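**Q** got a sequence here, can you build the structure:
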Amino acid sequence: MTPPVFAHGSLRLYLLALLDEQPRHGYELIQALSDRFGGTYSPSAGTIYPRLSKLEEEGLVTKTSDGRKSVYEITDAGRTELEARRPELDAIEDEVTDSIRRLADGVRAEVNDAMRSLRAELASAARDAKRSAKDAAKATAESARSATVDAQVESRRALQEAELVLNEFRRQVRTDLRTRTQADHVPHEAVTLLKARLAQVRADVLAALDR
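**A** Below is the predicted model:
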């Protein structure tokens, strides 16, 4: 997932706005940014701390020690600059909203693609299992007992195959969610969409098995 890109100077101004709300540790600033983007974007420490150091050099923030952590706090000079650039901050907020919408659309598209692929694989597995069961029944028509045994074996094989497909889907979706989100925060709409699609897939598979 491609993270949203702040225009030159925008992240610096946004950090001032976050510190204007309350003093924060560096990690708390990273978490606050992640929260603003609904967990779809989180800057690295290498992105945040150099900008905080620059703000401190310019006298716009101060840094104090709180045990092993450093607490950053906006200064009067920082508030003055923030107020002077308030229109720019409003524009940044609009950009953040647009970025969240784009990233959410990307997550939704990935989930839709995965669900379509799963539905096709499960439907194919169900058809193959049914066809194999018919072939096995014909081949073992001379012995009712053999036919029963073969059918049971085929049923177990089909069940194992279905379980493998489901486990692979679960692994892929879990990996996608972890690589496309930060701090284990998944957009609620993605979860809602996943539940709805899975319910539909289950209904389709049951219909295929009942044919």
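**Q** contacts, neighbours, all on C-alpha from now
**A** Fine.
**Q** what's the first helix or strand after the helix or strand of the chain with the lowest mean pLDDT?
**A** Of all the helices and strands that make up the chain, helix 86-139 has the lowest average by mean pLDDT, DSSP states H and E, namely a mean of 73. Counting by DSSP states H and E, the next helix or strand C-terminal to helix 86-139 is helix 144-180.
**Q** now do that next one: which elements does it pack against?
**A** Applying 3 or more CA pairs under 8 Å, 6 or more residues apart in numbering; DSSP states H and E, we find helix 144-180 packed against helix 86-139.
**Q** list the helices and strands the helix it packs on packs on?
**A** helix 10-21, helix 144-180, helix 188-209.
**Q** what's the most buried one of those helices?
**A** helix 10-21 (a mean of 18; mean count of other CA atoms under 10 Å).
**Q** mind listing what the residue nearest to residue 151 when sequence neighbours are not counted touches?
**A** The shortest distance from residue 151 to any non-neighbouring residue, by CA to CA, 6 or more residues apart in numbering, is to residue 133 (5.9 Å). Going by CA atoms under 8 Å, 6 or more residues apart in numbering, residue 133 touches 151, 154, 155.
**Q** repeat that for residue 121.
**A** residue 165.
**Q** and the least confident helix or strand of the chain, how far out from the chain middle?
**A** Its chain's C-alpha centre and that of helix 86-139 lie 12 Å apart, by CA atoms, centre = their mean, to the nearest Å.
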